[in-house]
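Novice: Provide a 3D model corresponding to the input given below.
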Amino acid sequence: MGKVIGILSIKGGVGKTSCTANIGAAMASGFGKKVLVVDTNYSAPNLGFHVGLLEPEATIHDVLSDRVDISEAIHEINDNFHVIPASLVGRNIQPFKLKSKLKDIKNNYDVILLDSSPNLNEEMLSTMMASDELYVVTSPDYPTLSTTMMAVKLALDKKTHINGLILNRVRGKSFELSLDEIEKAAGVPVIGVLPEDIKVLEALASTTPVNIHSPKANA
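Specialist: I've put the predicted structure just below:
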């Protein structure tokens, strides 16, 4: 059975969606895993812009409002890398149906990645409830660390567990928080460090994950 992994943040601009899309693309192309990435940021979705799905016919909104079967909302980027985008125009949905909807296709994938909402609301809670594992994308500054600590507390309150932090947009400057400071404050290990890289923005402009657009980019 496949594993469902929720990717969280409680602050915009840390690169959560970029990380989610590129982790999915890397696992599919670099490790031969069959991967599905789902946009569960229902109110402000943008996963489609990262993978070239600008006007998808069927979305996770259609699935959660029972308009279509979940299999009809899957878009194949390539053989191993599939995506369920969200609708840019909001619709009434039932977010807590997410877990039951994913059960129908969970066995078809090695990994299902959920690109969560960055807000403390039902959207994020539905992602937490649907996930087997949780990870938080953060950056090495005090405002983002404070929101990361909020995410960790929320997960504990909901009896879920955050396995690790993904430290993104690191510039290697002395004014940035150190890994040790971040791990001690959050009580969660940093499992990966990604450098600030202009190639990520270039890839976004071409609506392609950076590890496909620029395989040798630092990020």
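Novice: neighbours around Gly12, how many?
Specialist: If you count neighbours by other Cβ atoms under 10 Å, Gly12 ends up with 12. All C-beta spots, glycine's among them, are computed from the backbone N, C-alpha and C.
Novice: can you check Val14 too?
Specialist: 23.
Novice: Repeat that for Ser206.
Specialist: For Ser206, the count of nearby residues is 12 (other Cβ under 10 Å).
Novice: same deal with the one 4 residues further on?
Specialist: Using other Cβ under 10 Å, Val210 has 24 other residues around it.
Novice: do the same with Arg91
Specialist: So Arg91, with other Cβ under 10 Å, has 13 neighbours.
Novice: What are the neighbouring residues in contact with it?
Specialist: 61-62, 65 (Cβ atoms under 8 Å, 6 or more residues apart in numbering).
Novice: And for Thr160?
Specialist: Residues in contact with Thr160, defined by Cβ under 8 Å, 6+ apart, are 128-129, 131, 134.
Novice: That one looks like it's in a strand, true?
Specialist: No: counting by DSSP: H, G, I helix; E, B strand; the rest coil, one finds Thr160 to be coil, located in no strand.
Novice: And it, how far from Lys153?
Specialist: Between Thr160 and Lys153 the computed distance is 11 Å (Cβ to Cβ, to the nearest Å).
Novice: before we move on, what about Leu8?
Specialist: Taking Cβ to Cβ, one finds Leu8 at 12 Å from Lys153.
Novice: Same question for Phe49.
Specialist: 31 Å.
Novice: Please apply the same query to Ala73.
Specialist: 33 Å.
Novice: the more surrounded of these two?
Specialist: Regarding Ala73 and Lys153, a neighbour count based on other Cβ under 10 Å identifies Ala73 as having more, with 24 against 13.
Novice: residues contacting that one?
Specialist: 56, 58-60, 62-63, 84-85.
Novice: Much appreciated, bye for now.
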